[in-house]
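Enquirer: Generate coordinates for the sequence data below:
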Amino acid sequence: MYFERILHVDLTQRTSRVEPLEARAIRPYLGGVGLGTRLLYDHLPPGADPLGPENVLVFAPGPFAGTPIATTSRHAVVAKSPLTGMVGDSLSSSFWSHTLRRAGYDALLVTGRADAPVALVIHDDRVQFRRADDGLNRLAGLNVFAAEDALRAELGSDEFSVAAIGPAGEKQVRFACIANDRGRMAGRTGLGAVMGAKNLKAIAVRGSKTIRVASAAALEPLIVDLARRCAGPMTEKYRGLGTISNVLVLDYLTALPTRNYRQGSFEGAEKISGETLNRHYLERRVACSGCPVGCEHLLVAREGPHAGARTRMDYEPLYAMSSLWGVDDPAAAIRAVETASLAGMDAISAGATVAWAMECFERGLLKKADFDGLEPRFGNAQAGLALLEKIARREGIGDLLAEGTQRAAAQVGHGSADFAMQVKGLEMAGYDPRSLKTMGLGYAVGTRGACHNRAPGYSADTQGRANRFAGTPEHGIALMELEDKAAIFDSLGFCKFIRGVFGDFFAEAATLYRAATGLEMTPELLEACGPRICNLKKAFNIREGWSAADDRLPPRAMQDRIPAGPDGLNRLAPIVMQEAELHAMIGGYYAARGWTADGMIPKSQLIALGMGDIAEDVGV
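Expert: Below is the predicted model of the structure:
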């Protein structure tokens with residue numbers, strides 16, 4: 001069911017109101033990322049400063065959050081990104097999503113800026129604004145775990161679910177994230193900085209409303225069957241080693257980014273592999289609320305200089321703070337990811353920014369004095385850790401690095417932009433685009449930048465659906481199909497780790513949707529939601545100033561070949577992304593989308609997708 005209620009909060013005026021929104025108006029966007037993006041488009045003034053009071057911060061659970069449907073405890077956070085200036089959306093999971101729904105809302109929309117740090121407390125229909133920098137529990141300056149605990153203690157109840165920012169968000173680090181439920185993160189595109197700019201330290205939610213489904217009798221057997229499949233062999237990879245099993249696979253494929261993408265394989269890959277980490281550092285496996293998969297691996301360093309470091313570990317944070325730095329010490333990587341997480345920073349962007357700084361130091365573009373005596377060479381984990389701390393506090397060189405690689409390179413100059421591994425301002429994920437060509441296309445055209453979740457081209461490359469060594473227009477078709485399906489997963493709130501358990505995803509998900517909401521949904525109607533949501537995101541970017549020149553890869557990916565390494569490493573080198581093949585892939589992608597040759601959306605297409613009002617804004 002939908003509650004058909006959107007909660008609007010104005011931090012400047014410290015007021016709130018409820019906007020009714022019919023379920024039939026929500027249905028074309030489903031919920032989650034789709035609904036969040038539509039609300040952002042409708043309520044954000046064009047050209048607004050991402051760190052200004054006019055930016056709109058939207059929290060939107062999927063329509064299944066709070067039901068027993070497996071892996072649907074996810075919510076989207078959407079705003080104009082302070083890192084890219086374009087659409088910023090990120091996903092998190094667990095109890096916060098359920099709780100916002102039980103409070104009776106399909107989405108929360110926050111505008112304005114408080115005159116002092118505040119915590120927003122939502123208990124069903126009651127909305128309170130609490131000072132976060134005084135009182136019995138001072139929240140300002142606390143790391144994300146401590147902030148959660150302190151706010152719950154102040155409220156006197158563990159039934160509140162808390163989303164909070166850490167010191168990085170308060171300092172408006174452009175890749176700060178939002179944490180909830182002790183370690184789940186809305187990680188990418190800098191939405192924690194948006195909260196910080198609004199002087200909003202945390203949001204606590206408690207709900208007592210019942211989430212009713214349209215037909216419990218029809219839904220129950222579907223829920224049981226889906227849970228059984230989610231606990232089966234198709235998710236064993238995630239339950240067993242977790243996503244850190246990607247390390248050795250990508251190393252073999254010459255796609256493991258190493259030393260700021262200078263290489264595609266790492267001589268220390270075995271030491272940081274999922275096999276090694278699970279054998280020596282695993283403390284326990286954990287799961288999000290209502291998830292039978294249990295993909296998260298909690299790792300702990302038990303001895304040595306990093307003893308006691310503890311963090312949930314996935315492939316992306318691991319790569320960003322090990323091979324990307326040329327570091328093969330798992331304990332140091334655990335400490336680095338823990339440091340970034342507690343400060344409330346996106347580990348991918350943080351790690352990539354430190355790697356860029358290491359290369360700047362080795363090239364002599366930044367000196368030892370710039371780093372307050374540090375020598376951040378590749379392989380120097382301690383220097384990397386120190387830089388993370390400086391970034392979180394915007395201290396010294398950290399103030400520059402907190403801007404992200406695109407802005408930092410613009411200030412440093414001297415060709416440093418050539419090895420700033422970002423697209424549209426978002427640092428690249430852990431897949432080398434030179435040996436995974438569909439992934440490279442996804443980085444280039446992705447609406448939120450160099451992203452592996454919204455444009456998951458790597459799956460076409462690694463599963464043989466596209467030639468990963470030679471880009472062609474057909475790669476554009478493959479990427480479009482992956483993007484459309486990902487948009488539906490992100491809007492329904494499904495975890496993508498269960499994508500392999502479905503036989504006919506559109507038919508099965510449409511059946512679940514009908515039983516849960518009571519609204520009409522066919523496989524065809526559901527499938528059409530993917531292009532609608534993807535075109536909506538692109539329309540937002542066009543309105544905010546996107547042009548075809550933004551769909552590119554960094555010079556290193558286009559000019560530098562992956563070098564051959566010692567002992568048979570980079571066995572497939574040399575590999576490079578040719579300008580002609582990237583151009584061909586982008587052209588094939590635009591054509592598959594039905595866009596013009598320069599990537600603009602025809603008015604007729606937006607009208608056909610049910611977005612006639614947007615067609616008047618950006619259609620050609």
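Enquirer: what residues are up against residue 287?
Expert: 293-296 (CB atoms under 8 Å, 6 or more residues apart in numbering). Backbone N, C-alpha and C define where each C-beta goes, glycine included.
Enquirer: can you rerun that using 7 Å?
Expert: Contact analysis of residue 287 by CB atoms under 7 Å, 6 or more residues apart in numbering lists 293-294, 296.
Enquirer: can you give me phi and psi for it?
Expert: phi -140, psi 150 (degrees, to the nearest 10).
Enquirer: ok, it to residue 225 distance?
Expert: 19 Å (CB to CB, to the nearest Å).
Enquirer: next one: residue 307
Expert: Distance from residue 307 to residue 225, counting by CB to CB: 45 Å.
Enquirer: How about residue 527?
Expert: Per CB to CB, residue 527 is found 22 Å from residue 225.
Enquirer: Same check on residue 145?
Expert: 37 Å.
Enquirer: Compare these two (neighbour count), which wins?
Expert: Comparing residue 145 with residue 225 by other CB atoms under 10 Å, the one with more neighbours is residue 145, at 16 against 13.
Enquirer: Export the helix or strand residue 442 falls within to CSV, keeping only CA atoms.
Expert: Using DSSP states H and E, residue 442 maps to helix 437-445. Below are the C-alpha coordinates for helix 437-445, written out as CSV (Å, rounded to 0.1, in the frame of the first residue of the first chain):
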residue,chain,number,x,y,z
LYS,A,437,34.3,-1.5,-22.3
THR,A,438,30.5,-1.6,-21.4
MET,A,439,31.5,-0.5,-17.9
GLY,A,440,33.5,2.3,-19.5
LEU,A,441,30.4,3.4,-21.4
GLY,A,442,28.4,3.3,-18.2
TYR,A,443,30.9,5.6,-16.5
ALA,A,444,30.8,8.0,-19.4
VAL,A,445,27.0,8.4,-19.8
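Enquirer: Compute the number of surrounding residues for residue 364.
Expert: 8.
Enquirer: Next one: it from residue 412, what distance?
Expert: Residue 364 is 11 Å from residue 412, by CB to CB.
Enquirer: Which residues are in contact with residue 344?
Expert: 144, 165-169, 176-177, 179, 192.
Enquirer: Apart from its chain neighbours, what residue comes closest to it?
Expert: Spatial nearest neighbour of residue 344, excluding adjacent residues (CB to CB, 6 or more residues apart in numbering): residue 166 at 2.9 Å.
Enquirer: Please verify my assumption that the one you found contacts residue 346.
Expert: No. Checked against CB atoms under 7 Å, the pair residue 166 and residue 346 is beyond contact range at 11.6 Å.
Enquirer: Those two: which is more packed in?
Expert: residue 346 (33 against 29).
Enquirer: ok, that one - contacts?
Expert: Contacts of residue 346 (CB under 7 Å, 6+ apart): 175, 177, 187-188.
Enquirer: Tell me the pLDDT of it.
Expert: Here, the pLDDT recorded for residue 346 equals 98.
Enquirer: Return the distance of it relative to residue 254.
Expert: 26 Å.
Enquirer: now residue 429
Expert: Residue 429 is 16 Å from residue 254, by CB to CB.
Enquirer: Looking at these two, which one has more neighbours?
Expert: residue 429 (28 against 24).
Enquirer: Not counting sequence-adjacent ones, nearest residue to that one?
Expert: Nearest one to residue 429, counting by CB to CB, 6+ apart, is residue 452 at 3.7 Å.
Enquirer: where does that neighbour land on pLDDT?
Expert: With respect to pLDDT, residue 452 scores 93.
Enquirer: Please report the distance of residue 476 from residue 618.
Expert: 21 Å.
Enquirer: Actually, residue 416.
Expert: Distance from residue 416 to residue 618, by CB to CB: 33 Å.
Enquirer: How about residue 318?
Expert: 39 Å.
Enquirer: Neighbour count for the two, which is higher?
Expert: residue 318 (30 against 21).
Enquirer: helix/strand/coil for that one?
Expert: On the three-state scheme (DSSP: H, G, I helix; E, B strand; the rest coil), residue 318 is labelled helix.
Enquirer: Return the set of buried residues in the longest helix along the chain.
Expert: When the chain is scanned for its longest helix (criterion: DSSP state H), the result is helix 523-543. For helix 523-543, a neighbour-count test (16 or more other CB atoms under 10 Å) marks 526-543 as buried.
Enquirer: Report the inter-axis angle for that helix versus helix 437-445.
Expert: Per axes from the mean of the first three to the mean of the last three CA atoms, to 10 degrees, the angle that helix 523-543 makes with helix 437-445 is 50 degrees.
Enquirer: Quick check: next helix or strand after helix 523-543?
Expert: helix 555-559.
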